[in-house]
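>>> compute the structure for the input listed below.
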Amino acid sequence: MKNPATPCAGPLSRRGFLKIGALALGSVGAAGLLPWRLLASDGSGSGPDTSVIFIWLPGGPPHMETYDMKPDAPAEYRGDFRPIKTVVPGIEICEHLPLHARVADRFALIRSIAHEFADHGGGHKKFLTGRDPLSPVDFVTDYPMVGSVVARMRQDRSVGVPNYIAGVDNGRQGIDVFSFGAAYLGPATHPFMVVGDPATPTFQVKNVGMNPELQGRLHDRVELLTRFDKPAIGVDTDGSQAALGGIRQRALGLLTTDAARRAFDLNLEPAKTRERFGMHVWGQRALLARRLVEAGASFVTMVMENPYQSGVPFLKQGTYNWDSHAVNCHIFDDARARLPYYDRAISALIEDLYDRGLDKKVLLIVTGEFGRTPRITYAKGTQTGVDQPGRDHWPQAMSVLVSGGGFRMGQVIGSTTARGETPRDRPLTPNDLWATMFTHLGIDWKNTSFLDHNGRPMPILDSGQEIAELG
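Below is the predicted model:
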């Protein structure tokens, strides 16, 4: 395991790698599509009408400045913030999450998930795939990100919107930026990327909808292209042509039907609703996620990374993601700046899901790749040039918020030691979280395997159990 105290600059973009435009016709002919075969369940059938919203907080949010306060710990551990009571007796959270406190009966906090990979790359891969990565660094996955597994298992669902969608900042849409790779499941299971700030008036989702005249031209060109795609000799023995055809049909669906255009159009929401989420990149991504699962998307990832957007000036002592090393930021000043946007977006999303009757259909998961060191460190800030407090990488303890899914809310599952260092009771792993999620989606994760690049059967998860406390 890497030394958790090693400073870093956060996840780096691999701009030269495959961009996620698999649903756009300009990229459907890209090389590298690999055939796959499902060994157990064939993934067909409609399955339950359930969905997941996955809010990803890259860099590693501090558990002791959010959901796992330690007010009785020594000052060098507890930090500057204090806990506040919530509507659920006995549950306390950070004072800078007052809107969360009002809806605590509608979420559950898991405080005892942990793993052993302290590098961002290793942490991303471990958490998002449920497997120990072959390399503890870099962001290229050896195993499929769980969203790609969902996309593969639900590939036959046709609801007018993509089954798997990810919202990211412009320049962060490379598949390896956040370890969103599909590994041996192939690019056909990559997410449809929604790039940019949906709070801006000029925000537009590409490759969704077109006018009738262009639709006619498109169908003519696709018909011609399909004839060129047919193998010159023999049959499609490896399944690659079938995979290419599936990608093309999904792309056509987005371009020629109205359902996707409407689902992505935030202007169809009342102004009051948009303002409740916050006219900020994070708030509008949260609202967009609700619209997409309501329209039938199976797995929607929204990345909440950089709060200094949508007209919010960059804080000199702040940092673009949640990687709150002292060299990167003043952790408390940065948290004071970012937590209000986060608080508003997440609490509004929870309220909205419940108020619209989506709390059984939709499971909301909010997390980063790990927590932060319980003991505060000090270093000279790269931007400020003065000593400032921070916390380093700490996979030994972290907090995860879940909401909805028809589960029991208003509870805390597990705990950490008095100084927030390691799980004290009910130790869990990322796989336990994913086992719970797959079960919610009706995916038989215990009995389903895929063939990897070497033809070996690989189960969806190699360990894990549903979190029984959630019910």
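
>>> what helix or strand is Arg291 on?
helix 281-294 (DSSP states H and E).

>>> so for the helix or strand harbouring Leu353, what's the average pLDDT?
Using DSSP H and E, Leu353 sits within helix 331-355. For helix 331-355, mean pLDDT rounds to 98.

>>> just the pLDDT for Met8.
For the record, residue 8 is Cys, not Met. 65.

>>> still on that earlier bit, distance from the helix holding Arg291 to the middle of the chain?
13 Å (CA atoms, centre = their mean, to the nearest Å).

>>> just the CA coordinates for it, please, in PDB.
Extracted in PDB, the C-alpha atoms of helix 281-294 (Å, rounded to 0.1, in the frame of the first residue of the first chain):
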ATOM      1  CA  VAL A 281     -22.800  22.700 -11.800                       C
ATOM      2  CA  TRP A 282     -23.300  20.300  -8.900                       C
ATOM      3  CA  GLY A 283     -26.900  21.100  -8.300                       C
ATOM      4  CA  GLN A 284     -27.900  21.000 -11.900                       C
ATOM      5  CA  ARG A 285     -26.000  17.600 -12.400                       C
ATOM      6  CA  ALA A 286     -28.000  16.300  -9.500                       C
ATOM      7  CA  LEU A 287     -31.300  17.400 -11.000                       C
ATOM      8  CA  LEU A 288     -30.200  16.000 -14.400                       C
ATOM      9  CA  ALA A 289     -29.500  12.700 -12.700                       C
ATOM     10  CA  ARG A 290     -33.100  12.600 -11.400                       C
ATOM     11  CA  ARG A 291     -34.500  13.400 -14.800                       C
ATOM     12  CA  LEU A 292     -32.500  10.600 -16.400                       C
ATOM     13  CA  VAL A 293     -33.500   7.900 -14.000                       C
ATOM     14  CA  GLU A 294     -37.100   9.000 -14.100                       C
END
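
>>> in this structure, what spans have low per-residue confidence?
1-46, 209-256 (pLDDT under 70).

>>> show me the helices in it, by range?
75-78, 98-102, 120-129, 146-153, 212-229, 240-256, 258-264, 271-277, 281-294, 331-355, 430-440 (DSSP state H).

>>> ok, which of these comes nearest Thr189?
Nearest to Thr189, of all the helices of the chain, is helix 146-153, at 4.0 Å by CB to CB. Just so you know, the C-beta spots here come from the backbone N, C-alpha and C atoms, and that holds for glycine as well.

>>> contacts for the closest one?
The contact list for helix 146-153, computed with CB atoms under 8 Å, 6 or more residues apart in numbering, reads 36, 38, 41, 43, 52, 54, 128-130, 144, 163-164, 166, 180-183, 185, 188-191, 298-299, 301, 434, 437-438, 441, 443, 448, 450, 460.

>>> returning to that earlier point: helices and strands around the helix holding Leu353, which ones?
In terms of contacts (3 or more CB pairs under 8 Å, 6 or more residues apart in numbering; DSSP states H and E), helix 331-355 is packed against helix 98-102, helix 271-277, helix 281-294, strand 362-367, strand 387-390, strand 398-404.

>>> can you put these in JSON lines and add distance to Glu65 and mean neighbour count?
Output for the helices and strands packed on helix 331-355, formatted as JSON lines (distance: least, CB to CB, whole Å; neighbours: other CB atoms under 10 Å):
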{"stretch": "helix 98-102", "distance to Glu65": "13", "mean neighbour count": "18"}
{"stretch": "helix 271-277", "distance to Glu65": "23", "mean neighbour count": "15"}
{"stretch": "helix 281-294", "distance to Glu65": "17", "mean neighbour count": "25"}
{"stretch": "strand 362-367", "distance to Glu65": "15", "mean neighbour count": "25"}
{"stretch": "strand 387-390", "distance to Glu65": "11", "mean neighbour count": "20"}
{"stretch": "strand 398-404", "distance to Glu65": "10", "mean neighbour count": "24"}
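
>>> burial count for Ala73?
18 (other CB atoms under 10 Å).

>>> list the contacts of stretch 435-455.
Contacts for stretch 435-455 (CB under 8 Å, 6+ apart): 34, 36-41, 47-48, 50-52, 144, 146, 149-150, 152-154, 183-185, 298, 363, 365, 405-406, 434, 457-461, 464-467, 470.

>>> re earlier: give me the distance from the helix holding Leu353 to the chain's centre.
Worked out by CA atoms, centre = their mean, helix 331-355 lies 16 Å from the chain centre.

>>> pull out the buried positions in it.
Buried residues in helix 331-355, counting neighbours by 16 or more other CB atoms under 10 Å, are found at 331-354.

>>> try stretch 118-138
Result for stretch 118-138 [16+ other CB under 10 Å]: buried residues 118-131, 133, 136, 138.

>>> ok so, going back, drop anything exposed from the contacts of helix 146-153.
Of the contacts of helix 146-153, these count as buried by 16+ other CB under 10 Å: 36, 38, 43, 52, 54, 128-130, 144, 163-164, 166, 180-183, 185, 188-191, 298-299, 301, 434, 437-438, 441, 443, 448, 450, 460.

>>> I'd assumed Tyr320 was in contact with Tyr308.
Yes - Tyr308 lies in contact with Tyr320 (CB atoms under 8 Å); the separation is 6.8 Å.

>>> out of the two, which sits in the busier spot?
Between Tyr308 and Tyr320, counted using other CB under 10 Å, Tyr320 has the larger neighbour count: 20 against 17.

>>> could you check how far the residue nearest to Ile84 when sequence neighbours are not counted is from Tyr342?
Once flanking residues are discounted, Ile84 sits nearest to Glu95: 4.8 Å by CB to CB, 6 or more residues apart in numbering. Glu95 sits 14 Å away from Tyr342, going by CB to CB, to the nearest Å.

>>> go on, Val386?
From Val386 to Tyr342 the distance is 26 Å (CB to CB).

>>> one more: Pro89?
24 Å.

>>> which parts of stretch 371-384 are buried?
Gly371, Arg372, Thr373, Pro374, Arg375, Ile376, Thr377, Ala379, Gly381, Gln383.

>>> ok, the fifth one - contacts?
By CB under 8 Å, 6+ apart, Arg375 lies in contact with Glu76, Tyr77, Arg391, Arg419.

>>> chain center to stretch 176-189: distance?
Using CA atoms, centre = their mean, the offset of stretch 176-189 from its chain centre is 13 Å.
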